[in-house]
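1. heads up, no residue letters with this:
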DNA sequence: TCCTGTCATACGGTATACCAACATGAGCGG
DNA sequence: CCGCTCATGTTGGTATACCGTATGACAGGA
């Protein structure tokens, strides 16, 4: 027999990306990075030209982005980059609070040596990104840190939700990260979280995430409201 | 002056639905109701024929359903109705637990007379649906009950998430509701929830939702695992 | 000046035809 | 039993056309 049906190691689950996946990623990245500002119309035909694809592909990508909440479709006017107000942002921070504290607790309970090294590595990268001071790597390192926690906790569905929510408050997150005092307190909080998890202390991990997030939400509130 | 800029009463905000919205709703309903079984391929052209629309519309609807997680796209094979295993279902129940207990608590804290009558009305409808014994009205009444709670709490984003999660475990929910002992305990739990909220007792409301959900999850686990 | 009606333009919503690439299963030969 | 080839079904993607709505410019009339 060749091998078992599910050999996980050389399985190709994403055979070369389709055009619409690439277009989707670019559009999403463009929105998240602020290249398209909120409220801006996304007109199909110009996008076709600049991306070099047909309307079909653009439109299908738009449906996906619509479902993600990154664009809103106005009737007979087409897609517009979604905007965010404080009320909804606050709801997002609240949902994140629930999901992230829960994930941190679960992670702390089941973290083994492997997870702990991953986490320390992610934290180290995060520290380097904080020192470097550029927004983009900081974004990525922060994402990686949380991803480590969520996946180690086995909460991949919650992680999907959190990522989606984060993409909708990307501007807010960028501004929050750029806040100067955040450079110190942010990393300190992340360190607390990592330490609590490495000590398998679920309560401490949950509390650390909670304070981290409430601080972030407070800064965001000051910036937006 | 004619009238203020925003005359709310005759404003048309949903000018007649577009074809793709109608198609989207029908396909979604067809998947949730089990008309398309999980794992089943959704082949474009037959769908075009049966729905009487063009491929464009079908394909765009599929992108949306993909983003919702109701269908999965296999490369070069197109959309397939997504399936659900217990691990992911458990994650969904866990996320619902967090969001629903939180919403119930918030609702209990800020419920006024208006909300309470709405809730009692929803509960009454729910009781009638339980007595009638048909699955579909029960589904709708249950949805309405929770919607009342979430919206009264001001948690509309969480509500969107919960609805999306529920659509992904619709089969499981249907089986759970059909379980006979659920007919008694389910309504009793819902009554507890409503009473706690009407008493503005956040802790009791949270606890009631928690037990309700953990019971539901246990039944689902028995059925699926 | 302030309406109001008209018109041209821009753009989304939908349909259709067409083609290339890939998947799959049947049949064929070894 | 295995591998090869080939026909067919289906998706991925493009190009094109047409209609309806939205919008802004403009002209005439109260």
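-> Noted; the coordinates are in hand. Predicted model only: the values in this text are computed from it and were never measured.
2. now chain A against chain B: closest residue?
-> residue A:67 (3.4 Å; Cβ to the nearest Cβ). Every C-beta, even on glycine, is put in place using the N, C-alpha and C of the backbone.
3. any idea how chain A splits into domains?
-> Domains of chain A are assigned by automatic domain parsing as A:19-81, A:86-224.
4. which bits of chain A sit near DNA strand C?
-> A:15, A:41-45, A:55, A:59, A:73, A:75-79 (Cβ under 7 Å from any atom of the strand).
5. pLDDT-wise, which helix or strand of chain A ranks last?
-> Sorting the helices and strands of chain A by mean pLDDT, DSSP states H and E puts helix A:180-198 at the bottom, at a mean of 85.
6. chain center to that one, what's the gap?
-> 18 Å (Cα atoms, centre = their mean, to the nearest Å).
7. residues of it that come out buried?
-> The neighbour-count check on helix A:180-198 (16 or more other Cβ atoms under 10 Å in any protein chain shown) flags A:182, A:186, A:187, A:189, A:190, A:192, A:193, A:194, A:195, A:196, A:197, A:198 as buried.
8. can you name the next helix or strand after that helix?
-> Downstream of helix A:180-198, the first helix or strand assigned by DSSP states H and E is helix A:202-224.
9. contacts made by that following helix with the rest, please.
-> Under the contact criterion Cβ atoms under 8 Å, 6 or more residues apart in numbering or on different chains, helix A:202-224 has outside partners A:84-86, A:89-90, A:93, A:96-97, A:100-102, A:104-109, A:169, A:172-173, A:175-176, A:179, A:182, A:185-186, A:189-190, A:192-193, A:196-197.
10. could you redo the last one with a cut-off of 6 Å?
-> Contact partners of helix A:202-224, identified using Cβ atoms under 6 Å, 6 or more residues apart in numbering or on different chains, comprise A:86, A:93, A:97, A:100-101, A:104-105, A:108-109, A:172, A:175-176, A:179, A:189, A:192-193, A:196-197.
11. what number of residues lie near residue A:59?
-> Residues lying near residue A:59 (other Cβ atoms under 10 Å in any protein chain shown) number 20.
12. actually residue A:122, not the one I typed
-> Using other Cβ under 10 Å, the number of residues around residue A:122 comes to 21.
13. now it. Nearest residue, chain neighbours left out?
-> residue A:145 (4.4 Å; Cβ to Cβ, 6 or more residues apart in numbering or on different chains).
14. what's the nearest residue to the most centrally placed residue in chain A if we skip its chain neighbours?
-> Taking Cα atoms, centre = their mean, the centroid of chain A lies closest to residue A:163, which sits 3.6 Å from it. Spatially, and ignoring its direct neighbours in sequence, residue A:163 is nearest to residue A:143 (7.6 Å; Cβ to Cβ, 6+ apart).
15. need the three-state assignment for the one you found.
-> Here residue A:143 is recorded as helix under DSSP: H, G, I helix; E, B strand; the rest coil.
16. state the pLDDT value of it.
-> pLDDT, residue A:143: 96.
17. separation between it and residue A:39?
-> Relative to residue A:39, residue A:143 is positioned 26 Å away (Cβ to Cβ, to the nearest Å).
18. what does residue A:174 give?
-> Taking Cβ to Cβ, one finds residue A:174 at 17 Å from residue A:39.
19. of these two, which one has the most company?
-> residue A:174 (16 against 10).
20. let me see the backbone angles for whatever residue of chain A ends up closest to DNA strand C.
-> Using Cβ to the nearest atom of the strand, the single residue of chain A nearest to DNA strand C is residue A:78, 2.6 Å away. Here is the backbone geometry of residue A:78 (degrees, to the nearest 10): phi 80, psi -170.
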